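Student: After the sequence you'll find the predicted model.
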Amino acid sequence: MSTLPALERVAAAEVQAGPEIPRLAGFMASDFAPLVYAAVRACVGDARSEHLLQGVGDRVGIVLGSRRFDTVTLELSVEQVNRGRISPILFYQAVPTAVLGQIARDYRLTGPVSCVAVTGDARAEVLELARVLLADEGAEWVLGLTVEMDPDPAKAFAAADLVRSASGPAEPSKISGPSDRRVS
């Protein structure tokens, strides 16, 4: 593997959970998937109109990281199993990759996709994996997604960072580019 590149942040956004997050067809139990999708939309634009990823879909990778992933669907799934029922809709392990599949379809992205459980600073770990993807030339751009569900819905959020390799020396803790856009 080559040296890891420095990153340039092209766009970024963070969205908080709440009633204003649009529902997402096919995802009915929790805010996890709608939050991820809303963060992507806030970061790069709506897939149904002009957006930052138009025409570069084959060169865009996606990395999604979370400490807790979809805890609401997990709890509902456990509740269903305890009652002797099993619902394929509540297969919580599939939610992260399913929402990434919907994002890839809607934005016409065909680059590599990864979902990872993180243990520390989720955003930093996701961006470090973005650097690895860029160094391996698996992608020219990476959409780094972080989502954190919390027992207190007011603390749940998703963040999106569209990054690419920057010229100059690599410093893993520093990213150049525009500041985050917060959507609530």
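Tutor: Done, it's in.
Student: just the strands in this protein please.
Tutor: Using DSSP state E, the strands of the chain run over residues 6-16, 60-66, 113-117, 141-148, 157-166, 175-176, 181-183.
Student: deepest of the ones you listed, which one?
Tutor: strand 141-148 (a mean of 27; mean count of other Cβ atoms under 10 Å). C-beta here means a position set from N, CA and C on the backbone, and glycine is covered the same way.
Student: does residue 63 really touch residue 146, like I thought?
Tutor: No. Using Cβ atoms under 8 Å, residue 63 is not in contact with residue 146, being 9.2 Å away.
Student: Name the residues contacting each of those two.
Tutor: Overlap between the contact sets of residue 63 and residue 146, as judged by Cβ atoms under 8 Å, 6 or more residues apart in numbering, is given by residue 126.
Student: before we move on, back to that, now render the strands of the chain as CSV, adding distance to residue 36.
Tutor: Listed next are the strands of the chain as CSV, based on distance: least, Cβ to Cβ, whole Å:
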stretch, distance to residue 36
strand 6-16, 9
strand 60-66, 7
strand 113-117, 11
strand 141-148, 5
strand 157-166, 5
strand 175-176, 20
strand 181-183, 13
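Student: Can you tell me the closest non-neighbouring residue to residue 41?
Tutor: Using Cβ to Cβ, 6 or more residues apart in numbering and skipping the chain neighbours, the partner closest in space to residue 41 is residue 47 (7.4 Å).
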